[in-house]
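Novice: no sequence for this one, just the structure:
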């Protein structure tokens, strides 16, 4: 099974959090007093921000984002993210909003094309890399505001400074898909075509994934789009003149995109999702995009069918045969959030998927690891599974996921040693370890 990136868990968080909140809520002075002393420890600032924003229904995340924006302005994005991380640790109830808030901080941190690489690298890889994605979104918002022009060479060059560091390179190219959706007024076909122009196949794949994600975000949670976050910040180059852009999540034309490879004629209206076809837009795009689309599609399905696990699994079974296990694994990822990342609850939810339960558990194992890169989080899921074949598949999934990011044999051996006694061998085999590796 293809790797689930940590960023894909965004949709698990979105589908579990309920209706979208107001795009620009919260007091105008939210957190201003609380964050005046940005030299205070992050934990202290986090407590002040949470107190300032306590009791706000539907606008709490925007209040927190505005408060952290003040920290960013005075002390930089790394400091603002440290406060956000501390706030989430102090109040786990903020977790479903934290990735979106991190997007907003990244957008606010962006200043210019000349500094985008340095700003991106200054973001910590926490909150599912939301800050990193936001910086890249800020870049594309700036492009759309100024000229709307970006060449294929510009696209290739954007993430090259991070090519030697695969995790950063992935997050950058994935963020490109998110950012292009803002620049192209959320017209997914146009964005996929731009992603196609990337010379590196790995970058193309990551860009596609970001585009499909943002397609769902725009349709279901417009308060989480790049445009909505840019409206929260009152400074920075990523706060565009909105009169030049159509920010409808359902299509329309943005600024003059003829220079970006489009005809001058008005673009046809794009429908992001379709309740009559739960697998759409995967059913409406070329097969080369299927992996990226089906990897995330259950986030949309669960949102549209009220979180019905069995119904979602049956919808996935109607995908092209090779994409069925991909879709079922996507379901497992999303269910980790419905279960609030509780391994036992996740295992019980996957059991509702019937014959898809094994693939569901594989996806859940990947997702539980991805949140904080802690093998123990995923191994706990395997221990909660009762059926032998499913337990074996779970441990194998953990081994494969850990190996992607940490291929050192000694580390993999240490992870597999934590498996239940009867499953250590299966874990080691999936990790590619020989008998001599200790």
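Specialist: Okay, I see it. Every value quoted in this text rests on a predicted model; they were computed, and no experiment measured them.

Novice: going by C-alpha atoms from here, please, whenever you check contacts or count neighbours.
Specialist: Fine.

Novice: residues making contact with the longest helix belonging to the chain?
Specialist: Looking across the chain with DSSP state H, the single longest helix is helix 201-220. With Cα atoms under 8 Å, 6 or more residues apart in numbering as the test, helix 201-220 has contacts from 8, 11, 20, 170-171, 173-178, 180-181, 186, 188, 191-192, 195-198, 224-225, 249-250, 272-273, 289, 292-293, 296, 299-300, 303.

Novice: can you check stretch 420-433 too?
Specialist: Here stretch 420-433 makes contact (Cα under 8 Å, 6+ apart) with 383, 392, 395-400, 403, 409, 412-413, 416-419, 434.

Novice: what's the helix or strand for residue 133?
Specialist: helix 130-146 (DSSP states H and E).

Novice: er, residue 424 actually
Specialist: Going by DSSP H and E, residue 424 is part of helix 424-431.

Novice: show me what counts as buried in that helix.
Specialist: Neighbour counts over helix 424-431 (16 or more other Cα atoms under 10 Å) mark 424-428, 430-431 as buried.

Novice: equivalent analysis for stretch 350-364, please.
Specialist: So, applying 16+ other Cα under 10 Å, buried residues of stretch 350-364: 350-353, 356-364.

Novice: would TSV of those residues with pLDDT, distance to residue 52 and secondary structure be doable?
Specialist: Conversion of the buried residues of stretch 350-364 to TSV gives the following (pLDDT from 0 to 100; distance: Cα to Cα, whole Å; DSSP: H, G, I helix; E, B strand; the rest coil):
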residue	pLDDT	distance to residue 52	secondary structure
350	98	38	helix
351	97	41	helix
352	97	41	coil
353	97	42	coil
356	98	45	helix
357	98	43	helix
358	98	44	helix
359	98	43	helix
360	98	40	helix
361	98	39	helix
362	98	40	helix
363	97	37	helix
364	97	35	helix
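
Novice: for these, which one is nearest residue 160?
Specialist: Among those, residue 363 lies closest to residue 160 (Cα to Cα), at 30.1 Å.

Novice: quick revisit: what subset of the contacts of stretch 420-433 is buried?
Specialist: 383, 392, 395-400, 403, 409, 412-413, 416-417, 419.

Novice: how about the residues you listed, which pair is most distant?
Specialist: The span of the buried ones among the contacts of stretch 420-433, defined through Cα to Cα, is set by 383 and 409 at 22.8 Å.

Novice: mind listing what's buried in stretch 149-157?
Specialist: Buried, per 16+ other Cα under 10 Å, within stretch 149-157: 149-150, 155-156.

Novice: next, the angle from the longest helix of the chain to helix 130-146.
Specialist: Orientation of helix 201-220 against helix 130-146 (axes from the mean of the first three to the mean of the last three Cα atoms, to 10 degrees) gives an angle of 80 degrees.

Novice: what about helix 201-220, distance to the chain center?
Specialist: 9 Å (Cα atoms, centre = their mean, to the nearest Å).

Novice: just how off-centre is the helix holding residue 424 within its chain?
Specialist: 29 Å.

Novice: what's the answer for stretch 381-393, then?
Specialist: Relative to its parent chain, stretch 381-393 has a centroid offset of 27 Å by Cα atoms, centre = their mean.
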